[in-house]
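[1] coords please:
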Amino acid sequence: MELTLLRTYHPTGTNGDLMYNSSLVCHTIELPWRNNQRRVSCIPEGRYQLKPFSSKKHPHVFEVCEVPNRDAILIHKANFALKELLGCIGPVMSLEASQFGVGWNSKKALEIVSELVWAALENDEEVYITIQRK
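    Coordinates of the predicted model:
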């Protein structure tokens with residue numbers, strides 16, 4: 001399975017559209033691009049494998065694997081990038097029009113992403129996400 005994340009960058013946050021087969025799955029929020037610095041920047045554009053991940057803080061989410069010079073990059077629920085993300089990707093159902101890096105109904109968006117990704121994984125497919133500028 002191949003997902004595509006099309007990003008728009010802004011100094012206060014990064015917004016995106018998560019696509020599958022040219023259809024919108026949900027939107028995303030991330031930290032601004034700050035040269036791939038740990039915990040304060042979104043990750044570099046590129047193609048990454050997604051694998052299941054679970055912790056007490058983030059149960060049943062997905063890890064974005066082999067990000068250069070980074071680790072523990074997850075796709076998990078978040079509505080405010082600057083307050084809730086440390087380099088991870090937050091899926092959201094809608095974006096705040098007046099502010100980058102802010103979105104709404106992340107729990108529902110993560111459920112949709114999870115259903116899609118788990119269906120592929122249970123079918124023994126590898127799942128990849130390609131991140132690029134919009």
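
[2] ok so residue 110 is a helix residue?
    Yes. Assignment of residue 110 by DSSP: H, G, I helix; E, B strand; the rest coil places it within a helix.

[3] Just list the residues touching it, thanks.
    61, 75-77, 91 (CB atoms under 8 Å, 6 or more residues apart in numbering). Where C-beta positions appear, they are placed from N, C-alpha and C, glycine not excepted.

[4] now with 7 Å?
    76-77, 91 (CB atoms under 7 Å, 6 or more residues apart in numbering).

[5] Any idea how far apart the tips of stretch 35-48 sit?
    The separation between the terminal residues of stretch 35-48, taken as CA to CA, to the nearest Å, is 18 Å.

[6] same thing with stretch 24-37?
    This stretch, stretch 24-37, spans 29 Å end to end (CA to CA).

[7] List the buried residues for it?
    By 16 or more other CB atoms under 10 Å, the buried positions in stretch 24-37 come out as 25-33.

[8] How is residue 25 assigned, secondary-structure-wise?
    Classified using three-state DSSP, residue 25 is strand.

[9] Residue 107 now?
    Quick answer, by three-state DSSP: residue 107 is helix.

[10] Tell me who's in contact with the closest residue to it other than its chain neighbours.
    Excluding the flanking residues, the one nearest residue 107 by CB to CB, 6 or more residues apart in numbering is residue 77, at 5.3 Å. Residue 77 makes contact with 90, 106-107, 110, according to CB under 7 Å, 6+ apart.

[11] three-state assignment of residue 114?
    Here residue 114 is helix, with the state taken from three-state DSSP.

[12] sorry, back to before: now, which of the contacts of residue 110 sits nearest residue 101?
    The closest of the contacts of residue 110 to residue 101 turns out to be residue 91 (CB to CB; 13.3 Å).

[13] Beta-bridge partners for the closest one, please?
    Beta-bridge pairing for residue 91 (DSSP bridges): residue 28.

[14] ranges for the helices of this structure?
    For the chain, the helices defined by DSSP state H occupy 81-84, 106-122.

[15] Return the set of buried residues in the first one.
    Burial within helix 81-84, assessed by neighbour count using 16+ other CB under 10 Å, is assigned to 81-82.

[16] Kindly report the same for the longest one.
    Of the residues in helix 106-122, those buried under the neighbour-count criterion (16+ other CB under 10 Å) are 106, 109-110, 113-114, 116-117, 120-121.
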